[in-house]
Structure formats: structure tokens, C-alpha cells
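Chemist: coords please:
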Amino acid sequence: MSDIVTERMGLATAPSESARKTFSFSDAPQLSASTFDPSGFVWDEVDTVPPDFIEDGVFTSFSQRYVGYLPAKRDRHEVAIYVAGLRPDRVAPAASTAVQLAAKWGRLSFGVVAHDLEFGEALGGDESSGVMMVNRISVWRRGHQALILRQTFEAEHFSAHAETIATLVGSLNFAEELSSDPVIQNAHRSTLATNGFDFSFLMPENWSRLVSGPTGTPLISEVWYDAADKNGNGAVMVAMGPPVETISHGQRPAPVPEQQMADLAGTIATVFMQNILPDTQFQLSPQNMTSFADLDEITAFNRMYFIDVALNGAAAGVITVEIVMPADGTTLVNASLSPASLDAYLLGTQHHVSLATGFVHTAIVAYAVDAAQRQGWTQ
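Modeler: Numbers count the residues shown, from 1 in each chain. All right, here's what the predicted structure looks like:
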């Protein structure tokens, strides 16, 4: 995470006796909420519909309801509150929705923070006016609706407003508990089982299983695709392999060679594409990789590989391959294919694919935590 994201996307909570501002929405009661009310702030009720997001195909409704500011310093820090309806077949992780918004509200991207699948933020900006204006966009998804808090501030004067900016986000509470989440409730539930090991995960309700079974490697897998996307731009492959050797309690496996796992990622990407487009010639170009800090201490190996896909020499998509080896010696794979050409609509498609991979990654983390406890790595 970059220094600017770390510095400018902190969370803080206000003392219990602090004044609070309530946001009420009769047409979206589950989004009604309250947060810290900064001293001297003026809050105006508005009802405007920005035209920016129609082509994205993500929102069923989108409107600004409140704007808050210090009258003498409105140009240095302003807060806008939006409510949005989400298309059920285009729902994305909250952080991805924040990125979608940031792309429209500024030319520059500074980073993203995914607190969980339902709460995420993006930091973006624009200096076309000659002054660097930064947007901190916080999104809370509640079912098929989202509450959006956009804070716009001058980068030069950030330090004067930093505590207020962090506290407005960190102190937000919803008026009511969410009784159920249709995105989770209606999701498909699937399980991979091999040699006595089971891995269960969710898939969005509009996705369908394309194929399942052996992969030509020690892994068993399922390939899912976005059945609601007539262009076939989204797919996910989930795979599991048994331990290559018996792992005793407390034992830590030998380090896994990096090149061996990079080669495995390439093999997985090839098998994945052969299942999706069995009669099509394609070219794979490995790009870079990263890892997950929260998995470093509880897994033997974890990496995310990024691979470009070309069809007939033209860029067509991006494959991500997440490979994790939990403490019990199993191998878990979470691979995805999403479009490479990112106009507004396809960016929404890519972000919806992130919901599918987010479901699987959440399941991988839960499995890894449990395996580390079972194997005596953690308490």
C-alpha cells in the first residue's frame, strides 16, 4: 500500500459524546445512517441525479442526497452523500464500486482499501484545475443498495482536515442491522473434495457451472461463468489439490520454489482457457505477481499472478491466478478471466468478476485460518 493511501485513508472514531449527523432515506431505509458531525459543519439536503454512471450498467439508481461543508472552507473540504441501487447481476465488492466511482470523479488513481466485501474505499484525484483535488470515496454495500460517502479535499491542506476526514468514515453507523443480504443468501454454494479434504465457496447467483472434474494435474476443479453476460466476459476457475506428503502436527513444509509455482500458474491459466474457449488459439503473457500479507504467517505459500491473454494477437483479457498452500499441505487455486479493454461497461464487468473471486478468496482465508489452527501453527 502506498504512503499516500496509508496516510489519507485512516479510520478514526469520535468520542461517544460527540455530535452526530443523521442521514435518513425513506426510499432506502436500510441505508439510513449517522456519523460524526464536525463543529461548524453545514449540511444541505439535495436531490440530484449525476448522469455520469448510466453507461456503466452497474446502477439501477444513483442520486446525491446531502452535501456538508464548513462555509468558510468549502473549497478545501466538502462531503457528499449518495444512495445507489445496484443491478443484481452486476454487484461488485464495495472497494471495486469505489474504484468505478473514482474513475469518473478524477483522472488519477492513488489506491484502494478493501476492508471487506461490503465496505471498501478508493482514493483518486484530479489536478486539471491547477490544484490537486483528492477524492476519498467510501462505499458500504447493503444488499442491492449502496451508501456512498465522497470527501473532496485540497491535497495541500489535507493535514488540517485529516482527523475530520478519518472520523467521518470511521464513525459511520447504520440505523438498523441488515436482516439478510440477498447477494449472499442467493449465492450458489459449492464444495471441492479430494482425499478427505473439503473446500467450500460461494458463487454469485447469476453464475453457472461450466465444467468440473480433473484438470490433467493433481488438482480437481470447477469452472464457472457469468451466465447473465451475453458477451461471456467473466469466468472463474476454482481448484484444490491434496497434500503431496503427510504433514504432521506443527510441521512446516519446506519452502516452495518460486519458479515451480509460477509455472503452475501458467499451467492453470492454460487449462482454464482451454475449458472456456476449447477451439480457440490464445497467447498468454505473464506480467507480475503479488502476495497477501494476512496469509504470510499462516500458509506455506501464497501468490497472485497476473497474465495477459491475447486472441489472434489482440489483447482480449486478463487472467489472475491465486495459489495458496495452507498449513495442511493442500493447494487452493482461485483463477479468473475478465476483459482487458476497459470502457465504462467492461470496467463494471471486471468488477463483478471481482465479486466471484472475492467470494473464493474469503473462503480461502477462512480455510487457511482453520488449517493453521488444526496444524498447531496458531492458537
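
Chemist: quick one, domains of this structure?
Modeler: Listed domain ranges for the chain are 3-174, 187-374 (source: automatic domain parsing).

Chemist: Make JSON lines from these and add distance to D181 and mean neighbour count to it.
Modeler: All C-beta spots, glycine's among them, are computed from the backbone N, C-alpha and C. Shown next, in JSON lines, are these (distance: least, C-beta to C-beta, whole Å; neighbours: other C-beta atoms under 10 Å):
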{"stretch": "domain 3-174", "distance to D181": "6", "mean neighbour count": "18"}
{"stretch": "domain 187-374", "distance to D181": "9", "mean neighbour count": "18"}
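
Chemist: Dump those into TSV; add mean pLDDT and distance to S180 as well.
Modeler: Shown next, in TSV, are those (pLDDT from 0 to 100; distance: least, C-beta to C-beta, whole Å):
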stretch	mean pLDDT	distance to S180
domain 3-174	93	8
domain 187-374	93	12
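
Chemist: what's near enough to touch the nearest residue to T60 once chain neighbours are set aside?
Modeler: Excluding its sequence neighbours, the residue lying closest to T60 (C-beta to C-beta, 6 or more residues apart in numbering) is G85, at 3.8 Å. With contact set as C-beta atoms under 8 Å, 6 or more residues apart in numbering, G85 has these partners: 28, 59-62, 144-145.

Chemist: which SSE is G85 in?
Modeler: Per DSSP states H and E: G85 is located in strand 77-86.

Chemist: Any idea how far that strand is from the middle of the chain?
Modeler: 19 Å (C-alpha atoms, centre = their mean, to the nearest Å).

Chemist: before we move on, what about stretch 337-346?
Modeler: Put simply, stretch 337-346 sits 16 Å off its chain's centre (C-alpha atoms, centre = their mean).

Chemist: cool, stretch 53-73 as well?
Modeler: So, by C-alpha atoms, centre = their mean, the centroid of stretch 53-73 is 21 Å from its chain's centroid.

Chemist: cool, and stretch 284-295?
Modeler: Worked out by C-alpha atoms, centre = their mean, stretch 284-295 lies 15 Å from the chain centre.

Chemist: can you pull out the helices in this structure?
Modeler: 3-8, 94-105, 158-170, 182-185, 258-276, 344-374 (DSSP state H).

Chemist: Go through the ones you listed and name the closest to S39.
Modeler: helix 158-170 (9.2 Å; C-beta to C-beta).

Chemist: Pull up the distance across stretch 177-197, start to finish.
Modeler: End-to-end distance of stretch 177-197 (C-alpha to C-alpha, to the nearest Å): 35 Å.

Chemist: just to revisit the earlier point, name whatever forms a beta bridge with the residue nearest to T60.
Modeler: Bridge pairing for G85 (DSSP bridges) gives the partners S61, Q145.

Chemist: How about T191?
Modeler: On the basis of DSSP bridges, T191 is bridged to S200.

Chemist: which residues sit in contact with it?
Modeler: 198-201.

Chemist: give the contact list for the closest residue to G241 other than its chain neighbours.
Modeler: Of all residues not flanking G241 in the chain, T331 sits nearest, at 3.9 Å (C-beta to C-beta, 6+ apart). Residues near T331 by C-beta under 8 Å, 6+ apart: 218-219, 239-241, 323-325.

Chemist: Against T299, how distant is T331?
Modeler: 10 Å (C-beta to C-beta, to the nearest Å).

Chemist: Need the overlap of contacts for those two.
Modeler: Contacts common to T331 and T299, judged by C-beta under 8 Å, 6+ apart, are 324-325.

Chemist: hang on, the earlier thing: with distance to T191 as new columns, can the contacts of G85 be given to me in CSV?
Modeler: CSV is the format used below for those (distance: C-beta to C-beta, whole Å):
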residue, distance to T191
A28, 35
F59, 33
T60, 33
S61, 36
F62, 37
H144, 26
Q145, 30
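
Chemist: Out of those residues, flag the one nearest to S18.
Modeler: A28 (25.4 Å).

Chemist: ok, now which ones touch that closest one?
Modeler: When contacts are counted by C-beta under 8 Å, 6+ apart, A28 is found next to 83, 85, 145.

Chemist: now with 10 Å?
Modeler: By C-beta atoms under 10 Å, 6 or more residues apart in numbering, the residues touching A28 are 61, 63, 65, 83-85, 142-143, 145-147.

Chemist: and if you look at I247?
Modeler: I247 touches 253, 300, 326-330, 371, 375, counting by C-beta under 10 Å, 6+ apart.

Chemist: Would you point out the most distant pair within those residues?
Modeler: Among the contacts of I247, the pair separated by the greatest distance (C-beta to C-beta) is P253 and A371, at 11.9 Å.

Chemist: intersection of neighbour lists for the two?
Modeler: By C-beta under 10 Å, 6+ apart, the residues touching both P253 and A371 are 247, 299-300, 325, 327-329.

Chemist: Kindly reformat the residues you listed as TSV containing distance to W105.
Modeler: Below are the shared contacts of P253 and A371 laid out as TSV (distance: C-beta to C-beta, whole Å):
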residue	distance to W105
I247	49
T299	37
A300	42
M325	40
A327	43
D328	45
G329	46
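
Chemist: How much space separates the residue of the chain most remote from its centre from F41?
Modeler: Seen from the C-alpha centroid of the chain, the residue lying at the greatest distance (C-alpha atoms, centre = their mean) is A72, 36.8 Å away. Using C-beta to C-beta, A72 is found at 11 Å from F41.

Chemist: How about V369?
Modeler: V369 is 41 Å from F41, by C-beta to C-beta.
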